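Peer 1: Build me a model:
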Amino acid sequence: MQMISKSIETQMKRSSWIRKMFEKGAELKQQFGAENVFDFSLGNPDIPPPANTRDILIELADQLTKPLGMGYCPNAGLPPFREALAEMLTEEQQVDVKAENIVVTCGAAGAITSFFRAVLEQGDEVICPAPYFVEYGSYCGHFGGVLKPVPSIAPEFSLDLEAIKAALTENTRVVLINSPNNPTGCVYTQQELSQLGDWINAVNENRERPVYLVSDEPYRFLTYDGVEVPPVLPLSPFALVLGSFSKKLSIPGERIGYLVANPQMPYVQLLINAVTLTNRTLGFVNAPVIGQHMALKMLDAGVDMDVYLSRRDTMAMVLKDAGIKFSMPKGAFYFFPEAPGGEDLKFVAALLEKNILAVPGTGFGYPGYFRLAFSIDEDVIRRSASAFKDAVSALKERI
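Peer 2: Coordinates of the predicted model:
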């Protein structure tokens, strides 16, 4: 009996490794006690929101008791919030962004799915550097799109521009990048992004259906060692940026994100209107009103990034002591080390035997590596040191 669609059945079989490990972690914590399990599986920010969040919520409680205070808002977002975002993005992206160039969405995920629904036809291809965020394939696949991963160049995971160019076909519709990157923590340089933008512009000179350059940037705020994330909108008239306040304000449950299109894009308002429509008809309707009000009042705020910096350095020390090779992440809160022995599934299984939860690189389209999310208490990272060493030793004994 065919109860569900074949495509969703396939997706369920390939269900996210992140969620699988997260669920396994819940079992282990119940069995051995939470203090004896080292869960690096899920990038769920645990740092409290900015200190004034409570006061803002109390203030909003009074405002939202007015008529329609909790009612529907315009599908593209609250007008004052879009205006404030336009000012922020004008400075960040170094182009003159207007409120009408922005759609407020249910997180960056809502932005990307609404965009894909607006532009993809059956069989259109989305080129994406690998490793990549595990849900990208589903996001475009829901609307007939096909994710076309292109391996990045290890150990720094820089863009393989020649391979990206070689992946271009008549069906290419989007080049999707993610910087700072999940799972590697790499930040693409101005030089490689400029080269990518120049190539896309050259491609679009002869295309009736343009190739869009889309940058997914929920971790833009979180970089280390003075690294800066170059603006993407100036690279091409057909560039878009997706953002989120989930990690910056540590409010992922509020689902506040946005899509902004280059104002110089031909027919830009047509695209924005289309995304506004799909944002509604996909069932999002509008991003949560309380979250929009919160983000509006905290645009210049953020969590304590020194906490993540300290965790990163501690995680690096733990990995180094265990003899695990890695590249130091320049942003986000992930490590993507090499799997000892070269087989990520076997090493993740060895880690699991020591109550360490990690995600195999296979789940991100890049076998031979594994991901660790250091969005957990630094004491947990420290206490995991002996377990990492034991896992490496146990694997060596089997080889």
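Peer 1: And stretch 302-312, how far out from the chain middle?
Peer 2: 18 Å (CA atoms, centre = their mean, to the nearest Å).
Peer 1: scratch that, stretch 32-39 is what I was asking about
Peer 2: With CA atoms, centre = their mean, you get 26 Å for stretch 32-39.
Peer 1: List the buried residues in it.
Peer 2: 37-39 (16 or more other CB atoms under 10 Å). Quick note: C-beta positions are derived from backbone N, CA and C, even for glycine.
Peer 1: State the pLDDT value of residue 17.
Peer 2: pLDDT recorded at residue 17 is 67.
Peer 1: Let me see the contact set for residue 109.
Peer 2: 135, 139, 257 (CB atoms under 8 Å, 6 or more residues apart in numbering).
Peer 1: burial of the second one, as a residue count?
Peer 2: Counted with other CB atoms under 10 Å, residues neighbouring residue 139 total 22.
Peer 1: That one and residue 158, how far apart?
Peer 2: 24 Å (CB to CB, to the nearest Å).
Peer 1: what about stretch 251-263, start to end distance?
Peer 2: Terminal residues of stretch 251-263 lie 29 Å apart, using CA to CA, to the nearest Å.
Peer 1: Kindly apply the preceding question to stretch 5-21 instead.
Peer 2: OK, stretch 5-21 end separation, CA to CA: 25 Å.
Peer 1: that older thread, point out the least confident one among the buried residues of stretch 32-39.
Peer 2: residue 37 (88).
Peer 1: residue contacts, that one?
Peer 2: With the criterion set at CB under 8 Å, 6+ apart, residue 37 makes contact with 25, 28-29, 355, 357.
Peer 1: In JSON lines: the residues you listed, plus pLDDT and distance to residue 90.
Peer 2: Shown next, in JSON lines, are the contacts of residue 37 (pLDDT from 0 to 100; distance: CB to CB, whole Å):
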{"residue": "25", "pLDDT": "73", "distance to residue 90": "42"}
{"residue": "28", "pLDDT": "78", "distance to residue 90": "47"}
{"residue": "29", "pLDDT": "77", "distance to residue 90": "46"}
{"residue": "355", "pLDDT": "93", "distance to residue 90": "48"}
{"residue": "357", "pLDDT": "93", "distance to residue 90": "41"}
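Peer 1: which one of those is nearest residue 204?
Peer 2: Of all the contacts of residue 37, the one with the least separation from residue 204 (CB to CB) is residue 357, at 43.3 Å.
Peer 1: which ones are touching the closest one?
Peer 2: With CB under 8 Å, 6+ apart, residue 357 has these contacts: 21-22, 24-25, 28, 37-41, 351.
Peer 1: Most neighbours of all these, which one?
Peer 2: Most crowded among the contacts of residue 357, counting by other CB under 10 Å, is residue 351 at 27 neighbours.
Peer 1: Neighbours of residue 373, how many?
Peer 2: 24.
Peer 1: which residues does the closest residue to it other than its chain neighbours contact?
Peer 2: Computed as CB to CB, 6 or more residues apart in numbering, the closest residue to residue 373 that is not its neighbour in sequence is residue 43, at 4.4 Å. Counting by CB under 8 Å, 6+ apart, residue 43 touches 18, 182, 247, 332-334, 373, 375.
Peer 1: what is the mean pLDDT for stretch 43-50?
Peer 2: 88.
Peer 1: Please point out which parts of it sit buried.
Peer 2: Applying 16+ other CB under 10 Å to stretch 43-50 flags 43, 45, 47, 49-50 as buried.
Peer 1: now swap in stretch 305-317 and tell me
Peer 2: Within stretch 305-317, the residues that count as buried by 16+ other CB under 10 Å are 307-308, 311-312, 314-316.
Peer 1: Now do the strands in this protein.
Peer 2: For the chain, the strands defined by DSSP state E cover 38-39, 102-105, 125-130, 146-151, 172-178, 212-216, 239-244, 257-261, 334-335, 356-357, 359-360, 370-373.
Peer 1: Partner strands of the last one, with direction?
Peer 2: It stands for strand 370-373. As defined by DSSP bridges, the strand partners of strand 370-373 come to strand 334-335 (antiparallel), strand 359-360 (antiparallel).
Peer 1: Check the fourth one too.
Peer 2: Using DSSP bridges, the strands paired with strand 146-151 in its sheet are strand 125-130 (parallel).
Peer 1: when you compare where the strand it pairs with runs with where strand 212-216 runs, what's the angle?
Peer 2: 40 degrees (axes from the mean of the first three to the mean of the last three CA atoms, to 10 degrees).
Peer 1: quick one: contacts of strand 125-130?
Peer 2: 116, 120, 136, 140, 145-152, 157, 159-160, 164, 167-169, 171-178, 364-366.
Peer 1: can you pull the pLDDT of the residue lying closest to residue 271 once chain neighbours are set aside?
Peer 2: Spatial nearest neighbour of residue 271, excluding adjacent residues (CB to CB, 6+ apart): residue 261 at 5.8 Å. pLDDT, residue 261: 98.
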